[in-house]
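*Asks:* fold the following, please.
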Amino acid sequence: MIDEQDTSQDIRERIIGVFHAYKIPILLGGLSIFVIFVSLIFLVKSTQTTTPIQFSSNAQGATDSTNSSSSAKLQKMIHVDVEGGVERPGVYGLPLGSRVDDAIRIAGGISSEVDADGLAKQLNRASVLVDGGKIYVPKKGEVQGVVNSMSYNNSSQNGSMININLASQTELDSLPGVGPVIANKIISARPYNTLDDLVNKKVISASLFKKIKSRLTL
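*Replies:* Numbers count the residues shown, from 1 in each chain. Have a look, this model is predicted:
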């Protein structure tokens, strides 16, 4: 029992002796550990601080953008009246820049009452529509030129300009040097991609074309 007490006493004395011998390094080491621990705490807290996400502002911006886009689309719509040989005659809204073919398709397409071959010679389905225009698709047996009641391309209604893809026989006959026979030839050779097609297709002579070219349009 006495030996155990002596041993414990020796250990305590050794520890105290070591502490006294290395007191300063031990204190500095402990202080360093404490400083590092405190620094880690501040570092963790600083990384947890973030700026709140402002959902309302972003959502409002997206809504404004959508509304602006919708308004722009509404402002670019036009309306045309499609009548005659189509499945669903009526007034239709189409995007600005649409073609005659687009209007016919939205009206259900050409009906069985239409002579497709005859229509191809009278109607330029690639023409651009304008707001407030009217397209009349002539049915079988209707005279050529009925289709020219349309005003989508502002052709024959633009002063004295005559649209060679749309003009009636009477309108073509009003051109100097063009009579009923030549007018019918012009109608029969439709459609035209350029004004020069009148000469290229040998519908009229080059001299007559030069004389009336200033009054022609597509």
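
*Asks:* in a strand, that's where Tyr92 is, yeah?
*Replies:* Yes - the assignment for Tyr92, made by DSSP: H, G, I helix; E, B strand; the rest coil, places it in a strand.

*Asks:* distance check, it against Gly133.
*Replies:* Counting by Cβ to Cβ, to the nearest Å, the gap from Tyr92 to Gly133 is 11 Å. Yep, even glycine has a C-beta here, placed from its N, CA and C like the rest.

*Asks:* pull up the overlap in contacts between those two.
*Replies:* When contacts are counted by Cβ atoms under 8 Å, 6 or more residues apart in numbering, Tyr92 and Gly133 have Val80 as shared neighbours.

*Asks:* Leu28: how many residues sit nearby?
*Replies:* Around Leu28 sit 10 other residues, with neighbours defined as other Cβ atoms under 10 Å.

*Asks:* distance from the chain centre to the helix or strand containing it, please.
*Replies:* Taking DSSP states H and E as the criterion, Leu28 maps to helix 23-47. Its chain's C-alpha centre and that of helix 23-47 lie 63 Å apart, by Cα atoms, centre = their mean, to the nearest Å.

*Asks:* stretch 76-87 too?
*Replies:* For stretch 76-87, the distance to the chain centre is 22 Å (Cα atoms, centre = their mean).

*Asks:* now it: buried residues?
*Replies:* By neighbour count with 16 or more other Cβ atoms under 10 Å, stretch 76-87 contains the buried residues 78, 80-82, 84-86.

*Asks:* and what of stretch 97-109?
*Replies:* 98-100, 102-107.

*Asks:* ok, the residues you listed vs Gly141, which is closest?
*Replies:* The closest of the buried residues of stretch 97-109 to Gly141 turns out to be Ile104 (Cβ to Cβ; 19.5 Å).

*Asks:* my guess is that closest one meets Arg125, correct?
*Replies:* Yes - the pair Ile104 / Arg125 is scored as a contact, 6.9 Å apart, by Cβ atoms under 8 Å.

*Asks:* element containing Ile212?
*Replies:* Mapping Ile212 onto the secondary structure by DSSP H and E places it in helix 206-212.
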